[in-house]
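*Asks:* Sequence first, predicted model second:
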Amino acid sequence: MPMDAVRTGALDRRAYGVRHDWQLDEVQALFSLPFSDLLFMAQQSHRRHFDPNEVQVSSLLSIKTGACAEDCAYCPQSAHHDTGLPRENLLPLEDVLQAARQAKAEGATRFCMGAAWRSPRDRDLDEVAAMIQGVKDLGLETCVTLGMLSEEQTRRLKEAGLDYYNHNLDTSEEYYPEIITTRTYQDRLDTLQRVREAGIHVCCGGILGMGETERDRAALLMELANLPQHPESVPINLLVQVEGTPLAGTAKLDPLAFVRTIAVARVLMPASRVRLSAGRAEMSDEMQALCFVAGANSIFYGEKLLTTENPRAVRDRALFARLGLRMAGSGH
Ligand code: SAM
Ligand code: DTB
Ligand code: SF4
C-alpha cells in the first residue's frame, strides 16, 4: 500500500472493496501506517458501509459453565486450569428466558448463549434448540457458541432458528499451538465452514494481548478476511487475565496496538460488525472512544461477559451519550 497515497487522500481503490485475497505484507503495511493515516482509512471504510454513530449491542449469558475439556490457555473455564470457578450444568430454559427478557429491556438486540463445551452432545442440543426458539420468540436475534459442531448439529441449530454462531480463530495459525493443544486451527476452520454452509451468520474473531506479535495479529485478520465470506461479526477481545490460567501475568498490550488492530479489521472487513469485546471493563472511556473511531461498531453489553466482568449498562449508556452514539435498533 503506497503510504503517500494514503496521506494525500488519493487512496488505493482496492483497499476499500470487499476483498478476499489479502497478502500478509499488505496487512502488515496497514499496521505500520502512521496512526492518523490508519484511523482515517478505517473511518473512510466505516462510513461507506455503516452509520458511524450507531453501535449494535448484544448481551451474553453462560448457559453451561466450567469443566471444559479443552486447554485454551486464556480461559477460566478450562478443566485443565485451577481458577476456582464454580461449575454449573446447563441452565433451565426459564432462567435463560428471564435473562434474555432483561437484556432486551436494557436495549440489547441480540442474545448470545455460551457453553463451555469442546462440542455439544446431541441431547444437549435439544435443550439449546428450545432456548434458541424461546429467545427468538422474545423478538431478539440469537447467537450461540458451543464449540465444534458436526454437520447434523449445525443443521439442527439452523432449524431451531439460530441467527449467529460464534466460533473464534483466536490468533494466528502459527501461534495457535502455544495457546491450545487439544484442537487444531483446521478443526476451527471446519466448523466455521459447516456453519456458513448451513446458512447461519458467522461471528468469528480473536483475542489480543496473549503475548502474540504484531505479525500474529496481522495473520489472524488476514485469515478472517480471506475466508470465502467475511464473518458478519468480528469480535476483537482483549485478554481478560484470570488468576490460575497460564496466561495470567502476560505483559499487557499497548492500548494503541489494540486500537490499530480494530482499525485494520475495519479496513479488511469493511461491511462486517467489528465487535469491541472482552476487556472493556479495564479500558478507559478514552480508549473505547478511539476504538469506535477506528471502526468498532458493536459491543457486549450487560454487567457480565460469560464468567468475568463487563462494564455496567449505566456506564455504557453514559459513554454512548458522551460520544453521541446510538444503540442500533433498540429504541434506546
Ligand atoms: N467453548 C466454546 C468455544 O471455545 O468456542 C464457546 C465459549 S468460549 C468461552 C468463547 C470465546 O471466549 C473464546 O473463543 C475466546 O475467544 C473468548 N474468551 C475466553 N476466555 C477469554 C478471556 N479470558 N479473555 C478474552 N476472551 C476470552
Ligand atoms: C467472544 O469473542 N467473546 C465473548 C463471546 N465471544 C462468547 C466471550 C468473552 C469471554 C471472556 C471471559 C469470560 O467472561 O469468561
Ligand atoms: Fe472450553 Fe471455550 Fe474455554 Fe476453550 S474457550 S476452554 S473451548 S470454554
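*Replies:* Looks like it arrived, so ask away. Ligands and ions are numbered 1, 2, ... in the order given.

*Asks:* Going by neighbour count, which residues of stretch 307-323 are buried?
*Replies:* Of the residues in stretch 307-323, Thr307, Asn310, Pro311, Ala313, Asp316, Arg317, Leu319, Phe320 count as buried by neighbour count, 16 or more other CB atoms under 10 Å. Every C-beta, even on glycine, is put in place using the N, C-alpha and C of the backbone.

*Asks:* Run the contact check for the helix or strand hosting Met131 versus ligand 3.
*Replies:* Using DSSP states H and E, Met131 falls within helix 122-137. No: Helix 122-137 lies apart from ligand 3 when judged by CB under 6 Å from any ligand atom; the minimum separation is 13.9 Å.

*Asks:* follow-up on the earlier one: can I get the buried residues of stretch 307-323 in a markdown table including distance to ligand 2 and pLDDT?
*Replies:* Output for the buried residues of stretch 307-323, formatted as a markdown table (distance: CB to the nearest ligand atom, whole Å; pLDDT from 0 to 100):
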| residue | distance to ligand 2 | pLDDT |
| --- | --- | --- |
| Thr307 | 4 | 93 |
| Asn310 | 8 | 92 |
| Pro311 | 13 | 91 |
| Ala313 | 16 | 88 |
| Asp316 | 16 | 93 |
| Arg317 | 21 | 92 |
| Leu319 | 19 | 96 |
| Phe320 | 20 | 95 |
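
*Asks:* as a whole number, average confidence for stretch 281-292?
*Replies:* Stretch 281-292 carries an average pLDDT of 96.

*Asks:* can I get the CA coordinates of it in PDB?
*Replies:* Only the C-alpha atoms of stretch 281-292 are listed here, as PDB (Å, rounded to 0.1, in the frame of the first residue of the first chain):
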ATOM      1  CA  ALA A 281     -14.000  -3.300  32.000                       C
ATOM      2  CA  GLU A 282     -10.300  -2.400  32.100                       C
ATOM      3  CA  MET A 283     -10.400   0.100  29.300                       C
ATOM      4  CA  SER A 284     -10.700   3.800  29.800                       C
ATOM      5  CA  ASP A 285     -13.600   5.700  28.200                       C
ATOM      6  CA  GLU A 286     -11.000   7.400  26.000                       C
ATOM      7  CA  MET A 287      -9.600   4.100  24.700                       C
ATOM      8  CA  GLN A 288     -13.100   2.800  23.900                       C
ATOM      9  CA  ALA A 289     -13.800   6.100  22.100                       C
ATOM     10  CA  LEU A 290     -10.700   5.600  20.000                       C
ATOM     11  CA  CYS A 291     -11.900   2.000  19.200                       C
ATOM     12  CA  PHE A 292     -15.200   3.400  18.000                       C
END
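
*Asks:* Where do the strands of the stretch 151-300 of the chain begin and end?
*Replies:* Using DSSP state E, counting those that start in this stretch, the strands found in the stretch 151-300 of the chain span residues 164-166, 201-203, 206-208, 233-238, 273-276, 298-300.

*Asks:* Walk me through which strands the last one pairs with, and which way each runs.
*Replies:* So that's strand 298-300. Strand 298-300 has the following strand partners under DSSP bridges: strand 54-64 (parallel), strand 273-276 (parallel).

*Asks:* Which of those strands sits closest to Asp124?
*Replies:* Smallest distance to Asp124 across the strands paired with strand 298-300 (CB to CB): 7.8 Å, for strand 54-64.

*Asks:* now that closest one, how far from the centre of its chain.
*Replies:* 10 Å (CA atoms, centre = their mean, to the nearest Å).

*Asks:* who in this protein is up against ligand 1?
*Replies:* So the chain meets ligand 1 at 74-75, 77, 114, 116-117, 145, 147, 167-168, 170, 207, 237, 239-240, 242, 278, 306 (CB under 6 Å from any ligand atom).

*Asks:* Keep those residues, but drop any that are not near ligand 3.
*Replies:* Applying CB under 6 Å from any ligand atom to the residues of the chain next to ligand 1, those adjacent to ligand 3 are Cys75, Gln77, Ala116, Gly147.

*Asks:* The second one contacts Lys64, doesn't it?
*Replies:* No: applying CB atoms under 8 Å as the test, Gln77 and Lys64 come out as separate, 9.2 Å apart.

*Asks:* Need the residues touching each of these two.
*Replies:* Shared contacts of Gln77 and Lys64, defined by CB atoms under 8 Å, 6 or more residues apart in numbering, are found at Ala116.

*Asks:* Mean pLDDT added to the strands paired with strand 298-300, as TSV?
*Replies:* Listed next are these as TSV, based on pLDDT from 0 to 100:
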stretch	mean pLDDT
strand 54-64	95
strand 273-276	96
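
*Asks:* could these be laid out in JSON lines, adding mean neighbour count and distance to ligand 2?
*Replies:* Compiled in JSON lines, these are given as follows (neighbours: other CB atoms under 10 Å; distance: least, CB to the nearest ligand atom, whole Å):
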{"stretch": "strand 54-64", "mean neighbour count": "23", "distance to ligand 2": "6"}
{"stretch": "strand 273-276", "mean neighbour count": "27", "distance to ligand 2": "7"}
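
*Asks:* Could you list which residues are in contact with Ala281?
*Replies:* Contacts for Ala281 (CB under 8 Å, 6+ apart) come out as Val240, Thr308, Glu309, Asn310, Pro311.
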